[in-house]
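Enquirer: pasted the sequence and its predicted model underneath.
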Amino acid sequence: RYAVAFLVQTFTYLLAILAWLPFQRADLLYTRDLFIGAALTLLRPRTPLVYEVHQVHHSRLGRRLQGLLARRAHVVAITSYLAGHMRELGAARVLVAHDGIRAARFDSLPSKAEARAACALSPDAFVVGYVGRLHTMDMPKGLDTLVEAVALAAQDGAPSDLLLVGGPPEGVEAVRRQWVALGLPPERLHAAGQVPAGEVPCYLAALDVGALPLPWTEHFAYYASALKLFEYMAAGCAVLASDLPSTAEVVRDGETALLVPPGDTAALAAAIRRLRDDPALRERLGAGARGEAQRYTWDARAAAIKAFVEGDE
């Protein structure tokens, strides 16, 4: 059902573009859609084109069209893997530009004590947080592994609090059932649900640890540029993440994050214990991540893309 709706939406949008664009003046065309990019290549062959690539297309048609865009367009890739793939298809002009954050959202963060009071969290708890959708394109994002790791870490120390900010509600309820089944205290699981974007920085400021426990999939390993990672960094959280290529090109293990093998409950639990028992480590990782986050603002990304395109003119 969703696939059909997506195809109809793409096709009708493409028809609208084909009807509208010939009558417009454009100095530059920019798209992240494969089929629209191919159409623009044929429709406006002399106008500079930027193709922002977010995935590898494996079908024969998809590979052929990506090859066409690789040779025709300036390519902006959101991960290094995607950049390498486009070079293999013939791209000569490639820029890696990860996603990022709007810096102004993090300019006036409350203190941890203020944030915890606003979010109804204990000032003394060790709080691990996960912010964002619990599934992407029907793919789980490792929350089951995170809950198992919290339970394992609690066997030799105080149990952690887990804060979930996001949904959908049925996903949150699945986490809650697992939490209770593992014997964890119900009052230590906090589910804020889906909150307005403007409130997210306050929840982030309340965390000790921002978790990104992604499993290994082709998408997460090679194509993902997780917004929550950059937001954790900007808020000064100690980042705890799966050691995937897409993550490891943004943060460094032991310097701006702790990275653990994807899906490894024991390693994730050990990292939770380490962060729980070492406030100085949390402080150092959070400070390093926040400093690094300044490289990943939308303004910095736009400036880099602009310089990249203008450099070939």
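Expert: Right, received. Where do you want to start?
Enquirer: which parts of stretch 158-166 are buried?
Expert: P159, S160, D161, L162, L163, L164, V165, G166 (16 or more other Cβ atoms under 10 Å). Just so you know, the C-beta spots here come from the backbone N, C-alpha and C atoms, and that holds for glycine as well.
Enquirer: which stretch of helix or strand covers the nearest residue to V96 once chain neighbours are set aside?
Expert: Nearest residue to V96, sequence neighbours excluded (Cβ to Cβ, 6 or more residues apart in numbering): A83, at 4.9 Å. Applying DSSP states H and E as the criterion places A83 in helix 80-88.
Enquirer: show me what secondary structure element comes after that helix.
Expert: Downstream of helix 80-88, the next assigned helix or strand under DSSP H and E is strand 94-96.
Enquirer: that next one pairs with which strands, and in what direction?
Expert: strand 74-77 (parallel) (DSSP bridges).
Enquirer: distance between the strand it pairs with and the chain's centre?
Expert: How far strand 74-77 lies from its chain's middle: 19 Å, per Cα atoms, centre = their mean, to the nearest Å.
Enquirer: same question for stretch 298-313.
Expert: 22 Å.
Enquirer: quick one: mean pLDDT for that stretch?
Expert: Mean pLDDT, computed over stretch 298-313, is 90.
Enquirer: now swap in stretch 264-278 and tell me
Expert: 98.
Enquirer: stretch 223-235: which residues count as buried?
Expert: Using 16+ other Cβ under 10 Å as the test for burial, stretch 223-235 gives Y223, A224, S225, A226, K228, L229, F230, E231, Y232, M233, A234, A235.
Enquirer: can you check stretch 123-136 too?
Expert: Neighbour counts over stretch 123-136 (16+ other Cβ under 10 Å) mark A125, F126, V127, V128, G129, Y130, V131, G132, L134 as buried.
Enquirer: please name the bridge partners of the third one.
Expert: For V127, the beta-bridge partners are D161 (DSSP bridges).
Enquirer: which residues touch it?
Expert: Contacts for V127 (Cβ atoms under 8 Å, 6 or more residues apart in numbering) come out as R116, L121, S160, D161, L162, L163, A206, L207, D208, V209.
Enquirer: and the residues you listed as a markdown table, adding distance to G37 and pLDDT?
Expert: Formatted as a markdown table, the contacts of V127 follow (distance: Cβ to Cβ, whole Å; pLDDT from 0 to 100):
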| residue | distance to G37 | pLDDT |
| --- | --- | --- |
| R116 | 46 | 97 |
| L121 | 46 | 97 |
| S160 | 45 | 96 |
| D161 | 46 | 98 |
| L162 | 41 | 98 |
| L163 | 40 | 98 |
| A206 | 42 | 98 |
| L207 | 39 | 98 |
| D208 | 43 | 98 |
| V209 | 39 | 98 |
